[in-house]
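Asks: Just a sequence and a predicted model for now, questions to come.
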Amino acid sequence: MNRRHFLKNGTLAAAAFTILPRNVLGGTHLAPSDQITLGIIGCGAQGRWTLAPEFARRANLVAAADCDSIRLQAMQEIVEGETTKAKGQAYKGFKQYADYRELLNRKDIDGVIIATPDYWHAVMTIEACRAGKDVYVEKPMAHSIEEGRAMANAVAKYNRVLQVGNMQRSWRNFRHACELVRNGYIGKIKEIKVAVGPPPVPYDLPEQPVPKHINWERWIGPGPMNPYNEELLPSIEKRVYPNWRNYKEYGGGMITDWGAHMFDIAQWAMGMDDSGPVEFIPADGKDYKVLTMYYADGTKMTHEPFRKDEGNAVRFIGDNGVIDISRSFLDTIPAKLQNHEIGENEIRLYRSNDHYADFLNSMKTRKQPLSTVEVGHRTASLCMIVNLCYELNRKLAWNPQKEEFLNDDEANKRRSNPIRAPYSLTV
């Protein structure tokens, strides 16, 4: 064999190995050049408008599941269009499933995107982990404290990768604000103000006829059965985000919807990704004008609006300065901190500039992504305790290590929500 022949055949052999299909290598092993294959569960506004286009450009998005046939068809058209643009050739073969479990049973799917209402997240995540899938799940990660811990247990038991959709952690300004706080640039933090909207209300909408293209039983799933109303699942032509998140049976109001972003940044800045506040005090019109929380070190955090130009934001007040951060601004006192470069020897937080690519990279490397299941659980737990404090209207003492309330049986019972059969949180 001459040298040219040897090199030619050697190169072909090497190429053949690097593109060897994952099913030949066994399990969920991904060859270096093998593109990840995903399915998406939930074809609502967030799934169609944001997640599907983002992932279709970065991976093979091959299937979707939803209880609404019209949304499923719209999802297929979006994915086929985005995939065609990304790959420069027409894409067909996208599959629709009315039952998400059929999607999970596909051996060729490496991971799933869960973009359903909050109360579905835990059940689907646990089942996906059991099926050997990695998971990108929208925020808030869970709908109860018990659900969040069960999700974390499932990720650990089945050795899966999970990324929570707290994508602000992949935005430079939010990371920079947190690094400034961590490195003491505004001194010791005395107070944190978190501005997000109100808690949820009980479901009280009148019954309406269920459209023929919607399987209402499947939409309800593990949640409490209530009659259909278009506020929960509006017509696709309206092009709006649905209002199921405003009702406590299915969501957590703006406390969890936006709090999963803004309280999350407070947690990140304070280094509390495995913990949280220990005391929650409702407003009493006297000593406490707004709902107030305290961390174990005495740092105070409140839920209150503090600027007219942005409804959702965080303010860090330190001995030597102030930092205001939102999606619209990063304001600092002193002003020079806005563009200050964090040194190589200082505390530097996980750097991601692409939340979706970060998840896909973790699927390949098996390293933890930026917003892990524990991060998502702790942030969601904080938000849900805020909601509970509003509802019970009394002081709550919380043990983050044991994940239980002190001397409060009623509050401890509220760490979980009923799960309708045949669904369960069994890991």
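Replies: Everything's here; your move. Numbering: from 1, shown residues only.

Asks: quick one, what contacts the residue nearest to Asn229 when sequence neighbours are not counted?
Replies: Closest residue in space to Asn229, ignoring its immediate chain neighbours: Leu205 at 3.8 Å, by Cβ to Cβ, 6 or more residues apart in numbering. C-betas here are computed from N, CA, C, even on glycine. Contacts here follow Cβ atoms under 8 Å, 6 or more residues apart in numbering; on that basis Leu205 touches 226-227, 229, 231-232, 247.

Asks: Which one of those is nearest to Met363?
Replies: Leu232 (32.4 Å; Cβ to Cβ).

Asks: any idea how far that closest one is from Asp331?
Replies: 38 Å (Cβ to Cβ, to the nearest Å).

Asks: In terms of neighbours, single out the busier of these two.
Replies: Leu232 (24 against 17; other Cβ atoms under 10 Å).

Asks: show me what contacts the more buried one?
Replies: 205, 219, 242-244, 247, 250.

Asks: Go again with 6 Å.
Replies: Trp244 (Cβ atoms under 6 Å, 6 or more residues apart in numbering).

Asks: Kindly report the same for Tyr356.
Replies: 54-55, 58.

Asks: Write the PyMOL selection for whichever of those residues are buried.
Replies: The following PyMOL line selects those of the contacts of Tyr356 that are buried, judged by 16 or more other Cβ atoms under 10 Å:
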select buried, resi 54+55+58
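
Asks: nearest to Val194, of the contacts of Tyr356?
Replies: Of the contacts of Tyr356, the one sitting nearest to Val194 (Cβ to Cβ) turns out to be Glu54, at 26.9 Å.

Asks: gap between the closest residue to that closest one other than its chain neighbours and Asp408?
Replies: In space, and not counting its chain neighbours, Glu54 is closest to Tyr356: 4.7 Å by Cβ to Cβ, 6+ apart. Tyr356 sits 40 Å away from Asp408, going by Cβ to Cβ.

Asks: hmm, back to that, buried subset of the contacts of Leu205?
Replies: 226, 229, 231-232, 247.

Asks: and which of these is nearest Gln96?
Replies: Leu232 (21.6 Å).

Asks: how close does the closest one get to Met75?
Replies: 19 Å.

Asks: hang on, the earlier thing: go through the buried ones among the contacts of Leu205 and name the one nearest Gly271.
Replies: Using Cβ to Cβ, the buried ones among the contacts of Leu205 come closest to Gly271 at Tyr247, 33.9 Å.

Asks: who does that closest one bridge with?
Replies: Here Tyr247 sits in beta bridges with Val201, going by DSSP bridges.

Asks: from memory it sits against Gly223, does it?
Replies: No. Look at Tyr247 against Gly223 with Cβ atoms under 6 Å: they stay out of range, at 10.0 Å.

Asks: circling back: distance to Asp66, pLDDT and secondary structure added to the contacts of Leu205, as a markdown table?
Replies: Shown next, in a markdown table, are the contacts of Leu205 (distance: Cβ to Cβ, whole Å; pLDDT from 0 to 100; DSSP: H, G, I helix; E, B strand; the rest coil):
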| residue | distance to Asp66 | pLDDT | secondary structure |
| --- | --- | --- | --- |
| Asn226 | 19 | 98 | coil |
| Pro227 | 20 | 98 | coil |
| Asn229 | 18 | 98 | coil |
| Glu231 | 18 | 97 | coil |
| Leu232 | 14 | 97 | coil |
| Tyr247 | 20 | 98 | strand |
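
Asks: Between all of those, which two are separated the most?
Replies: Once Cβ to Cβ is applied, the contacts of Leu205 give Pro227 and Tyr247 as the farthest pair, at 12.4 Å.

Asks: so what's Leu396 up against?
Replies: 280, 389, 405, 411.

Asks: try Trp219
Replies: Contacts of Trp219 by Cβ under 6 Å, 6+ apart are Cys67.

Asks: residues near the nearest residue to Pro202 once chain neighbours are set aside, how many?
Replies: Distances taken as Cβ to Cβ, 6+ apart put Lys248 closest to Pro202, at 6.1 Å, once the chain neighbours are dropped. Look at Lys248: counted by other Cβ under 10 Å, it has 20 neighbours.

Asks: okay, Lys248: pLDDT?
Replies: Per-residue pLDDT puts Lys248 at 98.

Asks: With Glu310 instead?
Replies: 81.

Asks: What about it? Give its phi and psi, please.
Replies: Per-residue torsions, Glu310: phi -160, psi 120 (degrees, to the nearest 10).

Asks: any idea how far Glu82 is from it?
Replies: From Glu310 to Glu82 the distance is 31 Å (Cβ to Cβ).

Asks: Compare those two (neighbour count), which wins?
Replies: For Glu310 versus Glu82, the count of surrounding residues by other Cβ under 10 Å is larger for Glu82: 18 against 15.

Asks: and the spatially closest residue to that one that is not a sequence neighbour, which of the three is it?
Replies: Closest residue to Glu82 apart from its sequence neighbours, by Cβ to Cβ, 6+ apart: Ala56 at 3.9 Å. Three-state call for Ala56 (DSSP: H, G, I helix; E, B strand; the rest coil): helix.

Asks: Relative to Ala131, how far out is Ala56?
Replies: 22 Å.

Asks: Is the residue nearest to Pro202 in contact with Tyr203, as I believe?
Replies: No. With contact defined as Cβ under 6 Å, Lys248 does not count as touching Tyr203 (7.5 Å).

Asks: hmm, back to that, now that we have the contacts of Leu396, can you turn them into JSON lines and tack on secondary structure and neighbour count?
Replies: Putting these into JSON lines (DSSP: H, G, I helix; E, B strand; the rest coil; neighbours: other Cβ atoms under 10 Å) gives the following:
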{"residue": "Phe280", "secondary structure": "strand", "neighbour count": "26"}
{"residue": "Cys389", "secondary structure": "helix", "neighbour count": "25"}
{"residue": "Phe405", "secondary structure": "strand", "neighbour count": "21"}
{"residue": "Ala411", "secondary structure": "helix", "neighbour count": "21"}
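
Asks: Ala74 should be in a strand, yeah?
Replies: No. The assignment for Ala74, made by three-state DSSP, is helix rather than a strand.

Asks: Flag every buried residue along stretch 168-179.
Replies: So for stretch 168-179, counting by 16+ other Cβ under 10 Å, buried means 168-171, 174-179.
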